[in-house]
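> Got a predicted structure here, sequence first:
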Amino acid sequence: MDRIQRAIDTSRKQTIYKAVVSNTSDIGEIAFMLNISCEATVEYLKNLITLANRRSATKQWYAFAGAHIDYAKKRIVLAIPPNELVAQTDGTLGFMFFLMGCFFGLSGLMYLIFIFSENNVSNIILAASLFGSLSAIFIFIGHKLRNREKRIKRYVRLINDEKINRVKDLANATQKSANFVRKDLQKFIKYIDSGILNAHYDSETDRIIVITRKDKSISDSATSPQEPLVF
């Protein structure tokens, strides 16, 4: 029974997502699509907003990040600008790997100092190889993750601020090859929990197309969320 209810909840959330990003923000219309009450729809919307505001938000629910309910106009108000590229990054992960690499390196050094007095060459070589390898691997992964975050931020800045969306132009701006940038962007767009969230790659024009929303009223201010919702 729980499994069936979870499947129903997931299906309803997906329906809400498709409706909202397709410019349907009216709670009454969304409730009609779901065939449930407006009050129940509001609860689903609140749940989606909560999910989206978590650091672990998936690509799909992230569209609701920062959203709120306009109780006066009976609609959901999205916070993400309708025509801007959005990226989700987590710089702490790369930093954590870097710290772990430093930890293994320092631990290995201390252990080598401890066993050096034993004059056991095989143990010294084994310890140096083990701790050195672990340190190098974690530092390399941390460095790679931090570089990935920097590249995502730079792509977002170039596309949003400088209105560059052709892969060739992005490659010139980043001093990388067009093939590298193309694969890099496709990889970022494909990420589930981290990367570019609202775009797709158009192979015909070799451009990054931002998924926009036409509803210009989504950035309107809303009334206090404590106000009771009456339908």
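Arrived safely.
> tell me what the helix of greatest length in the chain is packed against?
In the chain, taking DSSP state H as the definition, the longest helix is helix 121-160. Contacts defined by 3 or more CB pairs under 8 Å, 6 or more residues apart in numbering; DSSP states H and E place helix 121-160 against strand 87-88, helix 91-116, helix 167-174, helix 178-190, strand 195-196, strand 207-210. Glycine gets a C-beta too; all of them are placed from N, C-alpha and C.
> Could you chop the chain up by domain?
2-83+213-219, 87-210 (automatic domain parsing).
> which residues of this protein score low on pLDDT?
For the chain, the stretches with pLDDT under 70 are 1, 21-23, 55-63, 80-84, 86-91, 117-119, 191-198, 211-231.
> Go again with 90.
The chain contains residues with pLDDT under 90 at 1-26, 29, 33-34, 41, 44-68, 70-99, 101, 103-134, 142-165, 184-231.
> Can you give me the distance of Asp184 to Gln14?
Distance, Asp184 to Gln14, by CB to CB, to the nearest Å: 29 Å.
> quick one, which of the two is more surrounded?
Remark: of Asp184 and Gln14, Asp184 carries more neighbours, 19 against 12, as counted by other CB atoms under 10 Å.
> how much space between that one and Glu43?
From Asp184 to Glu43 the distance is 40 Å (CB to CB).
> residues touching the residue lying closest to Phe116 once chain neighbours are set aside, list them.
Take Phe116 and drop its neighbours on the chain: the residue closest to it by CB to CB, 6 or more residues apart in numbering is Ile124, 6.6 Å away. By CB atoms under 8 Å, 6 or more residues apart in numbering, the contact list for Ile124 reads 112, 115-116.
> In JSON lines: those, plus distance to Ser177.
Below are these laid out as JSON lines (distance: CB to CB, whole Å):
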{"residue": "Leu112", "distance to Ser177": "42"}
{"residue": "Ile115", "distance to Ser177": "47"}
{"residue": "Phe116", "distance to Ser177": "47"}
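> so which of the residues you listed is the most crowded?
Going by other CB under 10 Å, Leu112 tops these with 15 neighbours.
> how close does that one sit to Ile209?
For Leu112, the distance to Ile209 (CB to CB) stands at 54 Å.
> Glu162 contacts Asn172, doesn't it?
No: between Glu162 and Asn172 there is no contact under CB atoms under 8 Å: 11.6 Å.
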